[in-house]
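Chemist: Return a 3D structure for these sequence lines:
(chains A and B)
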Amino acid sequence: MNAVDILALLVQFANTTATLTKIAQQMHAEGRTELTQAEQELVRGIALASEDRLAKALAS
Amino acid sequence: MLQTILAYLWDRRTTVLGYVVTALGIMATSELFTATQVKWFLLINGILTAILGHYNNRQVVAGNTPDIGQRGRAHPVLLMFMATLMALWLSACATLFLPKSFTSQVAEAYAGVAMTNDTVLVLYNAGTIDKARASSVALQVRSVREAIDLANGLGPDFGKDKLGSALALLELAKQELCRDQKENPNCTLLLGEAK
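Modeler: Numbers count the residues shown, from 1 in each chain, chains lettered A, B, ... in the order given. Down below sits the predicted model:
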């Protein structure tokens, strides 16, 4: 385990957190408490993409 | 009255600036400000602190040090000022205490899945865990993601319990991934901040 691995994970975490923060800010600005369908798909897409990356790495 | 308050605050300018910056810092860590606003606060704080430090140094040299060595009971004005700051902070944070909606909980669950998958990937690439363990955890996390899909499809009335079960399974998968890696920074991140 080296610094690059840790940094890579931090970047991934930061990307996920940034997406959630943007959605939260948008919801707050519009006075909503529920995510739109598009926002839900966006977050689900992040989970699916991570699953895909992991599956590819394990398959190789 | 206003003049008295302003004079009192000016006499304790360093302390007052400290309180203001602390209150703003708490709000910033609660993500109540945009990144641009935080940058401006930091810049303004830096300039104010530099100016204040320079001014205070001149006052110390001149033998006039109203902000140093003040002792005794807290003045009512200072207490009022602190209470106002606290009220402002609590009102600003009120939105954070609102009950979470079902879709927000689903979104957080998906984010947890993504973070767990990414941690498995990094640990596997680094050779910290072997392929069998990585595959096992990946399979568990995939099941969790499918359970979240199902819970989301069922909606808030029927999917809440399913979502709770999915999150419990995700926690188990994280524990399995990090069972002998408690000191690993990635596991610390996953089990702590990213929970």
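Chemist: Residue ranges in chain A under the pLDDT threshold?
Modeler: Counting by pLDDT under 70, chain A shows low-confidence ranges at A:1-11.
Chemist: Which residues of it lie near chain B?
Modeler: Selection of chain A residues close to chain B by C-beta under 8 Å from any C-beta of the partner chain yields A:1-2, A:5-6, A:8-10, A:12-13, A:16-17, A:20-21, A:23-25, A:28, A:33-35, A:39-40, A:43-44, A:46-51, A:53-55, A:57-58. C-betas here are computed from N, CA, C, even on glycine.
Chemist: So which of those residues are in helices?
Modeler: Using DSSP state H, the subset of the residues of chain A next to chain B located in helices is A:5-6, A:8-10, A:12-13, A:16-17, A:20-21, A:23-25, A:28, A:39-40, A:43-44, A:46-51, A:53-55, A:57-58.
Chemist: Quick one: residues contacting the residue positioned nearest the centre of chain A.
Modeler: Centroid check for chain A by C-alpha atoms, centre = their mean gives A:T16 as the closest residue, at 2.9 Å. Applying C-beta atoms under 8 Å, 6 or more residues apart in numbering or on different chains to A:T16 gives the contacts A:46, B:111, B:114-115, B:118.
Chemist: again with B:V137
Modeler: So, once contact is read as C-beta under 8 Å, 6+ apart, B:V137 ends up touching B:116, B:120, B:129, B:173, B:176-177.
Chemist: Which among those count as buried?
Modeler: Applying 16 or more other C-beta atoms under 10 Å in any protein chain shown to those, the neighbour count classes B:116, B:120, B:129, B:173, B:177 as buried.
Chemist: Excluding chain neighbours, give the residue nearest to the third one in space.
Modeler: Of all residues beyond its chain neighbours, the one nearest B:I129 is B:L123 (4.7 Å), with distances taken as C-beta to C-beta, 6 or more residues apart in numbering or on different chains.
Chemist: buried ones in the one helix or strand that neighbour maps to?
Modeler: For B:L123, the element it lies in under DSSP states H and E is helix B:102-125. Neighbour-count burial for helix B:102-125, counted by 16+ other C-beta under 10 Å, picks out B:102-124.
Chemist: what element comes up after that helix heading to the C-terminus?
Modeler: Once the chain leaves helix B:102-125, the next helix or strand it forms, by DSSP H and E, is helix B:131-177.
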